[in-house]
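Undergrad: would you be able to build a 3D model of this:
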Amino acid sequence: MITSGTVNPVWNVGDAMAGPMPQVTHTYQNHHLDSTRWRLYKPRDDDIIISTAYKSGTTWMQGIVLNLVFFGKEVPILLHEVSPWIDVRWRPVEEIIAKIEAQKHRRFLKSHLALDGLPYYPQVKYIVVGRDARDVAMSLWNHYSNYKEKVYRRFNESPGLVGNPLPRCPRDIHEFFHDWITRGWFEWELEGYPFWGNLHHTRTWWEFRHLDNILFVHYNDLLADVKGEIARVAKYLGIEVPREAVSSVADAVSFSTMKQIADRMDPGAWKIWEDGGSTFFFKGTNGRWKGVLSEHEAELYRKTLSRVVPPDCARWLEHGRFAKKEETH
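TA: Coordinates of the predicted model:
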């Protein structure tokens with residue numbers, strides 16, 4: 001068993017608590033990911049890990065947690081430095097670990113790993129952000145189709161690549177969607193190509209939603225009631241924020257504000273996308289797939305959805321927490 005930190009991760013069912021517990025059953029290594037990097041992570045009792053597949057509100061949630069953790073203090077602007085992505089393979093892991101070990105504030109880290117590839121620690125607080133897969137596809141298309149050529153070299157030519165290189169984005173969104181919704185990059189996935197499973201990611205976390213240190217937040221709910229969701233996250237994290245101050249946090253993490261400061265939050269964005277941070281923060285809306293996906297593509301989506309996630313998870317992904325009770329339970 002691989003151990004790390006003051007409390008060992010739960011690698012097998014029942015290691016630390018009675019009843020089924022999360023376990024690491026897969027290793028994620030490709031042009032973007034390397035799940036083995038988490039073996040160097042040493043958890044603190046108040047750590048927070050934010051996990052999404054991609055394009056589901058990761059940065060939005062990081063911004064919320066940033067403003068909650070630093071509430072009443074000067075808020076750092078370089079989000080990727082204060083809340084690093086550990087499983088991204090092209091940044092030296094020793095450098096990332098050294099930076100988080102030196103942090104004096106409450107740490108909040110980013111991961112894009114499914115729970116079957118991320119070590120689980122009972123003392124860590126996890127926040128999982130979900131979004132309708134069709135909306136994820138539209139956002140991912142914008143993200144992928146705007147990669148600069150030199151970024152592919154970064155993904156595919158940096159040392160340590162496991163598996164095939166990331167292919168160039170197709171010119172046609174329909175070709176992209178067909179592959180993304182019907183093929184997996186990893187052999188245990190049914191969708192997500194050429195990145196990694198989006199629905200699979202949510203399913204692995206959904207199976208353990210009964211654990212009190214895993215909080216699910218939906219992109220729809222953030223759009224519908226961001227103040228209410230900020231208050232819910234703050235309560236879950238045990239951070240006291242006056243009710244009247246929630247509005248200031250909401251203003252700080254609004255789409256318009258984050259898009260305006262995107263290039264200051266991540267100055268390296270211009271090296272990745274054609275329009276820098278403006279590409280990363282593109283629309284911040286849902287439903288753009290309507291009028292884009294054909295009925296055949298919609299049927300492919302429904303088929304894959306039913307194969308990968310259970311019905312209650314599928315309803316949550318499409319509607320969020322604010323759906324009708326009969327649709328969410």
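
Undergrad: just the pLDDT at residue 252, thanks.
TA: Residue 252 is assigned 89 on the pLDDT scale.

Undergrad: list the contacts of it.
TA: 63, 67, 75 (Cβ atoms under 8 Å, 6 or more residues apart in numbering). Just so you know, the C-beta spots here come from the backbone N, C-alpha and C atoms, and that holds for glycine as well.

Undergrad: next, the first one: secondary structure please.
TA: In terms of secondary structure, residue 63 is helix; the call rests on DSSP: H, G, I helix; E, B strand; the rest coil.

Undergrad: quick check: it vs residue 319, distance?
TA: Counting by Cβ to Cβ, to the nearest Å, the gap from residue 63 to residue 319 is 24 Å.

Undergrad: one more: the last one?
TA: Separation of residue 75 from residue 319 (Cβ to Cβ): 32 Å.

Undergrad: over to residue 149?
TA: Distance, residue 149 to residue 319, by Cβ to Cβ: 39 Å.

Undergrad: the more surrounded of the two?
TA: The residue with more neighbours, out of residue 149 and residue 319, is residue 319; 16 against 7, by other Cβ atoms under 10 Å.

Undergrad: thought residue 221 was touching that one, still the case?
TA: No. Using Cβ atoms under 8 Å as the test, residue 319 is too far from residue 221 to be in contact (9.4 Å).

Undergrad: ranges for the helices of the stretch 1-150 of the chain?
TA: 58-69, 79-82, 93-102, 133-145, 149-157 (DSSP state H, counting those that start in this stretch).

Undergrad: which one of those helices is the most hemmed in?
TA: helix 58-69 (a mean of 23; mean count of other Cβ atoms under 10 Å).

Undergrad: and it, what does it pack onto?
TA: For helix 58-69, the helices and strands in contact under the criterion 3 or more Cβ pairs under 8 Å, 6 or more residues apart in numbering; DSSP states H and E are strand 48-51, helix 79-82, strand 108-111, strand 125-130, helix 226-237, helix 246-252, helix 255-260.

Undergrad: CA atoms only: put that helix into CSV for me.
TA: C-alpha atoms of helix 58-69 as CSV (Å, rounded to 0.1, in the frame of the first residue of the first chain):
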residue,chain,number,x,y,z
THR,A,58,-13.7,24.4,-11.7
THR,A,59,-12.3,27.9,-11.8
TRP,A,60,-15.6,29.4,-10.7
MET,A,61,-15.5,27.2,-7.6
GLN,A,62,-11.8,27.9,-7.0
GLY,A,63,-12.7,31.6,-7.1
ILE,A,64,-15.5,31.1,-4.5
VAL,A,65,-13.3,29.1,-2.2
LEU,A,66,-10.4,31.6,-2.7
ASN,A,67,-12.7,34.5,-1.5
LEU,A,68,-14.0,32.5,1.4
VAL,A,69,-10.6,31.3,2.6
